[in-house]
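Asks: Sharing a sequence plus its predicted fold:
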Amino acid sequence: MLWILLLSLLLLSWLFLASAKWVWWKAGLFSLLLLALSAWWLIDKLSGDGLNAATLYHLGADMEGAGVADFKGYIAGFIVLAAVSLLPLFATRVKRWRRPTAGGAWFAGFAALWVATIMISPLARDGQRLYQQLRPVDFARIAPEYQVPTQALQRPRNIVWIYGESLERTYLDEAVFPGLMPNLNRLAARSLDVRGLASAEGGGWTIAGLVSSMCGVPLTTSQGDENSMDRMGSFLPKAVCLGDYLKQQGYTNHYLGGANGQFAGKGQFLASHGFDEVHDLAWFKQQKKIGRIHYSAWGVHDDVLLDTAYQRFEQLSRQDAPFMLTTLTMDTHHPAGHLPVACKGERYQSQYGNIGMLNALKCTDRLISQLVERIQASPYGKDTLIVIASDHLAMPNDLSHILTRQKRENLLLFLGDGVAPRQLAAEDGSTLDSGATLLSLLDPNLQTMGFGRSLLDDKRAPSASAAARRDGGRDYSQYLAFARSLWLGEPTRQLKIDGDDQVVVGLQHVQPPVLLEYDKDWDLKSVYLENTSRQFDDADPDNTLAYVDRCTAFEDGSADGDWCALLVNRDNGIKLYRDGQLRNGIDVDAPLDAFQGPRPSVRQAHMITQKGRRTRAGQYMLQLVASTRPDRGFWIEAVSSQRKVVLAQQWVQPDADGKINVSFGLDHEVDDLEIRAWLNHAEKLAVDTFALVPSRGRPRG
């Protein structure tokens, strides 16, 4: 398909140059297509699977802690491609070009080929795939398959779960990588070795791999919005995961990871599901004895991490309560891996040359096996069940050209007293089944965890793992839809503002602004956290909308900065609930007041300043000159404390020259003063000049 795409782009170039008819339209469309393909190339290099659910998740989750430095080559390549993508726009300015200005047929041919190029490109394929995964579907048929353990655990055993970053079992293949992982191969021969384990959709990146294996559900974003997961107060609050169940059984749960726990919401997931301790990069940095040499772009190296894991294992083993200790390595992260101090001389000699990832893998083989051997040789090893697992299949790395020719499978090994060594073929199995399989080793009466099923059960019922492989995953969208519902829980027909100024929806706490859309049966269809003003205007008129934001979003004449909720329905019903009512809770299905005319338009806060500035106490005059401004009046605010505290507020109407003056006073110094305007999504405010001038006048704000 690549050569067909390249041929199409060459033909587009020829049709673009052949005629000057509507040349700006052609240049814009051509550059837009090239930019989209360039962005897809970068995403594919990072995800290994084009534009997928992982891409949408990471767009919305907290990206702090990502090792961006490891991908600078890809980023540089994207910058070059983006620059090339703009050439059609620059070409239109070359006056020496002598092209015929007639030729509507040339433009029609260009437009037809432009559409055809999109259809044969990976953009259309990935768009269709995402639509199938994210479209609203009825999951009632498969809901009974979601099962969580409730019975008591008969024989609690300590658990050590070691996740190897991208450490797929393919690396253990002696025919492909001879002598690369001798220690893990030796452990595999002494373990329950699960073979053929796949990653279902929603399980192919680190946090998704943790959720899939520990909760038995695929990871997908909340209903209707994939862009603001960091504004969700808790992570999958309706799900019951391995940590939740073990905590109910008297376990303590502990996590050690070298990377930033905020990245992708990993720490929030663990804290929401039964983990008593989450020690991540921030915790390691507090340990003053760890020098800078022990850190990479992603965090602390694996030699320090796994040595700390053993120390923590010993400490926990001396206590009375059973425990699960989970650790996640990092040095085999794509694209090239990292070598810790303990492995600086590690080299893997192979026909493929001196590849950094191979050296990192050989190091990880030694470090993980040493941790396992130390645990098993300790006085507490006999009563400890050890799990060695990949979090997901390897992302694009320096070995991708070799891996793509192999049968890919995840690593999953169970070692412990009473676990008979053997290979177990995971027919129709995926990482969704890992947690359920662990439970069945603890207690044969426990066979399920979410949609996961124990791979030891020869008579296990059809599962999500099987659906992901069957008929191209046609029925798997039902499992993804069910997983999305776990972000909210019930009841969703009541709204409330809690003491932290968050909107309570079901079991979820959400930072406003938030728009909730209910269908005619009062089922929550979508939750929007971004572009809420536009979503409000574009929503289906047959649905009921509940929009929660500062009262400033809805009122012209006065605004007190408190919270309000505007409800409208398909019968032209409307009602504005104020702060006091919201704190007591309101029912979204309660009767509304009738109104005439179209639905009202709402405003949303737009920042004028790019970052907060430290401002001393005193009187100030805010002076703006706007070249583009709304036709009607609007609110201007000075805010601080991460945009939560309104310091001054004024209703303004620019004069004929676009000048805006707002005076206000500060009683104390503010570290993060910012200025914002409240505008409808269709309104624009372009500020040419901005000044905050000390003033002795009496403040009006």
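Replies: Looks like it arrived, so ask away.

Asks: Which SSE is immediately downstream of whichever strand or helix holds residue 126?
Replies: In this assignment (DSSP states H and E), residue 126 forms part of helix 122-134. Using DSSP H and E, the next helix or strand after helix 122-134 towards the C-terminus is strand 158-164.

Asks: ok, and what's touching that next one?
Replies: Identification of contacts with strand 158-164 by Cβ atoms under 8 Å, 6 or more residues apart in numbering yields 209-210, 246, 309, 313, 316-317, 322-329, 332, 364, 368, 371-372, 375, 380, 383-391, 411, 438, 442. For glycine as for every other residue, the C-beta is placed from the backbone atoms N, C-alpha and C.

Asks: State the mean pLDDT of it.
Replies: The average pLDDT for strand 158-164 rounds to 98.

Asks: What average pLDDT does whichever helix or strand comes after it get?
Replies: As assigned by DSSP H and E, the chain's next helix or strand after strand 158-164 is helix 182-189. The average pLDDT within helix 182-189 is 97.

Asks: circling back: pull the distance from the helix holding residue 126 to the chain's centre.
Replies: 18 Å (Cα atoms, centre = their mean, to the nearest Å).

Asks: What count of nearby residues applies to residue 413?
Replies: By the criterion of other Cβ atoms under 10 Å, residue 413 has 23 neighbours.

Asks: Next: residue 618.
Replies: Applying other Cβ under 10 Å, we find 13 residues neighbouring residue 618.

Asks: wait, isn't it in contact with residue 694?
Replies: Yes: using Cβ atoms under 8 Å, residue 618 is in contact with residue 694, at 5.9 Å.

Asks: Identify the residue spatially nearest to residue 605, adjacent ones excluded.
Replies: Spatial nearest neighbour of residue 605, excluding adjacent residues (Cβ to Cβ, 6 or more residues apart in numbering): residue 676 at 4.8 Å.

Asks: which residues touch residue 282?
Replies: By Cβ under 8 Å, 6+ apart, the residues touching residue 282 are 260, 261.

Asks: Report pLDDT for it.
Replies: The per-residue pLDDT reported for residue 282 equals 91.

Asks: separation between it and residue 207?
Replies: Residue 282 is 17 Å from residue 207, where distance means Cβ to Cβ, to the nearest Å.

Asks: For this structure, which residues score under the pLDDT cut-off?
Replies: 1, 47-71, 93-103, 132-136, 222-231, 491, 558-560, 696-701 (pLDDT under 70).

Asks: Looking at it, which helix is longest?
Replies: Secondary structure of the chain per DSSP state H: the longest helix is helix 23-47.

Asks: Report the buried residues of it.
Replies: Within helix 23-47, the residues scored as buried using 16 or more other Cβ atoms under 10 Å are 23, 26-27, 29-31, 33-35, 37-47.

Asks: Check stretch 615-622 too.
Replies: By 16+ other Cβ under 10 Å, the buried positions in stretch 615-622 come out as 615, 620, 621, 622.

Asks: Using a markdown table, lay out the residues you listed together with distance to residue 112 and secondary structure.
Replies: As requested, the buried residues of stretch 615-622 are exported to a markdown table (distance: Cβ to Cβ, whole Å; DSSP: H, G, I helix; E, B strand; the rest coil):
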| residue | distance to residue 112 | secondary structure |
| --- | --- | --- |
| 615 | 57 | strand |
| 620 | 58 | strand |
| 621 | 58 | strand |
| 622 | 52 | strand |
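
Asks: biggest separation within those residues, which pair?
Replies: The two members of those with the most space between them (Cβ to Cβ) are 615 and 621, at 12.7 Å.

Asks: Now the common contact residues for these two.
Replies: Shared contacts of residue 615 and residue 621, defined by Cβ under 8 Å, 6+ apart, comprise residue 692.

Asks: I'd guess residue 271 is in a strand, am I close?
Replies: No: assigned with DSSP: H, G, I helix; E, B strand; the rest coil, residue 271 falls outside any strand and is helix.

Asks: quick one: the closest residue in space to it that isn't next to it in sequence from residue 417, how far?
Replies: Spatial nearest neighbour of residue 271, chain neighbours left out: residue 278 (5.8 Å); criterion: Cβ to Cβ, 6+ apart. Per Cβ to Cβ, residue 278 is found 29 Å from residue 417.
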